[in-house]
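**Q** Sequence plus the predicted model coming up.
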Amino acid sequence: VLVSTAKLNEAVRLAVSVEAYRQFVLIQVVLDDDAVGIY
């Protein structure tokens, strides 16, 4: 049970990290579009 819980926690952390990274990239793309629009 302990191993399964550790694996589950690791999977959750990985999923959260991936989602956070996707949000960060999305923000960067939006900022880039705005910068292009300004110039």
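**A** Received it, and whenever you're ready, just let me know what you need. Numbers count the residues shown, from 1 in each chain.

**Q** Every contact and neighbour count from this point should use C-alpha atoms.
**A** Fine.

**Q** so where's this structure shaky on pLDDT?
**A** 1, 33-39 (pLDDT under 70).

**Q** one more time with 80
**A** Residues of the chain that meet the criterion pLDDT under 80 lie in 1-3, 30-39.

**Q** At which residues are the helices of it located?
**A** Assigned by DSSP state H, the chain shows helices spanning 2-38.

**Q** how near is His16 to Glu10?
**A** His isn't right for residue 16; it's Val. From Val16 over to Glu10 the distance is 10 Å, taken as CA to CA, to the nearest Å.

**Q** same question, Val30
**A** 30 Å.

**Q** Over to Tyr21?
**A** According to CA to CA, Tyr21 and Glu10 sit 16 Å apart.

**Q** now do Arg22
**A** Counting by CA to CA - Arg22 and Glu10 are separated by 18 Å.

**Q** go on, Ala20?
**A** Applying CA to CA, one obtains 15 Å for the distance of Ala20 from Glu10.

**Q** swap in Val3?
**A** Val3 is 11 Å from Glu10, by CA to CA.
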